[in-house]
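K.L.:
coords please:
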Amino acid sequence: MNIVSIDIGSYSIKCAAATIKGRDCTLTFLGEQELEPGAFRGGDFANQDAIFASLRELLSNVTLTGSHVVLSVPHCSLLHKTTVEYPGASLTEAMKMIHWDYIQYLPESDDSTGVTVAFSGRRHPSEKDTSCVDIVTIPEYLAASYINLFRDISVDIDEIDLSTFAIEHFYQMVAPSMGEGLIINVGHEYTEFGIIFDETPDCEGYLEIGVSDVIQNVAESMDIPFGDAVGVIKGDFLQDASGDMQEMVDEEFIKLAERICRNILKICRERYNNPRMEFEHCVLAGGASDNLAFNNRVIDRLQTQVVHTTSVPKVHMGPKVEGLAEKGLGKYALAIGLCLRQ
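P.N.:
Coordinates of the predicted model:
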């Protein structure tokens, strides 16, 4: 079975491909294609031509014919979420039953034909013999806009999944199974997160802050256009002998890390009544995962250990992936989790 996953973000499109034969799984491709600024915002396709061009370029590297193609939608697009408990059922049994049961758990105001549904199974946090399935609903108009976009370039989408389910699955694959864990996926406009207890996802959400805040602040400080500030963030213009620009960029990433950590800790205080949540392990993903200053601030603020991922247990790295994996897989966490969650 061949699987291709696609993660469309505000700044770029990422793709992962895997081949699964029995118990053997090989990650055969990882790639990224930049988007023109403003082409995609919060689930809206503002510039379809630019998106088409980037998709065609990126997907030319993978085999789509005969592959199961899955697409992520951001957590901010979520319409509704509920959890169904199955006492005495294994997780496999619960995941089978939910496909028959889910309609009765949708809000009365929803028409079951008007939404796309995604599921995520997990163990009950305190009752060992109970399995839980989270049901999420996504507006049908949004799903239709994605599907139609890909049809215009002759690509059929087989499945739509929620981005936070994907990053939580990535955490489960790469991080130690015991203890309290956290994954933070920093995007251009939004930062998504998942809280995991003993390998079981417990809470996920998003914050309306991201790398665009860093870019905007750099643009204002240097009095340069937003597009040029993107280049500064990427390191295109960091050749100054004094290192002043790099120091300024790092300071902005530290501010971003502080805001993210402060908001996540606030959520933990409210949800768990815990004034000082301690995460034993943290996986950083997305646009800020490569910035050392951001990493160090998260470590200091959360008193945690950041898991640097260069491999995925029980998953082989194909020849086209090995070089990227050595540099770190955090950037592609969502695409990988999406691909291997199937």
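K.L.:
Show me where the stretch 1-150 of the chain has its helices.
P.N.:
Applying DSSP state H, counting those that start in this stretch to the stretch 1-150 of the chain gives helices spanning 48-59, 91-101, 140-151.
K.L.:
want to throw those into JSON lines with mean neighbour count?
P.N.:
Glycine gets a C-beta too; all of them are placed from N, C-alpha and C. As requested, the helices of the stretch 1-150 of the chain are exported to JSON lines (neighbours: other CB atoms under 10 Å):
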{"stretch": "helix 48-59", "mean neighbour count": "17"}
{"stretch": "helix 91-101", "mean neighbour count": "14"}
{"stretch": "helix 140-151", "mean neighbour count": "15"}
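K.L.:
Can you add distance to Gly328 and give those helices back as TSV?
P.N.:
Listed next are the helices of the stretch 1-150 of the chain as TSV, based on distance: least, CB to CB, whole Å:
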stretch	distance to Gly328
helix 48-59	20
helix 91-101	31
helix 140-151	28
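K.L.:
do you know which of those lies nearest Ala335?
P.N.:
Proximity of the helices of the stretch 1-150 of the chain to Ala335 was assessed by CB to CB; the nearest stretch is helix 48-59, lying at 10.7 Å.
K.L.:
who does the closest one touch, helix- and strand-wise?
P.N.:
The contact analysis (3 or more CB pairs under 8 Å, 6 or more residues apart in numbering; DSSP states H and E) places helix 48-59 against strand 2-8, strand 12-21, strand 24-34, helix 140-151.
K.L.:
Output the helices of the stretch 1-150 of the chain in TSV; the columns should cover distance to Lys331 and mean pLDDT.
P.N.:
TSV is the format used below for those (distance: least, CB to CB, whole Å; pLDDT from 0 to 100):
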stretch	distance to Lys331	mean pLDDT
helix 48-59	14	88
helix 91-101	30	87
helix 140-151	22	84
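K.L.:
Which one, of those, ends up nearest to Ile20?
P.N.:
Nearest to Ile20, of all the helices of the stretch 1-150 of the chain, is helix 91-101, at 17.5 Å by CB to CB.
K.L.:
how close does Ala288 sit to Glu252?
P.N.:
Counting by CB to CB, to the nearest Å, the gap from Ala288 to Glu252 is 10 Å.
K.L.:
the more surrounded of those two?
P.N.:
Ala288 (26 against 23; other CB atoms under 10 Å).
K.L.:
got a list of what that one touches?
P.N.:
By CB atoms under 8 Å, 6 or more residues apart in numbering, Ala288 lies in contact with Val186, Val211, Val214, Phe253, Leu256, Ala257, Phe294.
K.L.:
what two of those residues have the greatest distance between them?
P.N.:
Pairwise distances across the contacts of Ala288 (CB to CB) peak at 11.5 Å, for the pair Val211 and Ala257.
K.L.:
Give me the below-cutoff pLDDT ranges for the protein.
P.N.:
Residue ranges of the chain with pLDDT under 70: 42-43, 108-116, 236-243, 275, 342.
K.L.:
Grab the longest helix from it for me.
P.N.:
For the chain, the helix with the greatest residue count under DSSP state H is helix 244-272.
K.L.:
so after it, what's the next helix or strand?
P.N.:
Downstream of helix 244-272, the first helix or strand assigned by DSSP states H and E is strand 281-286.
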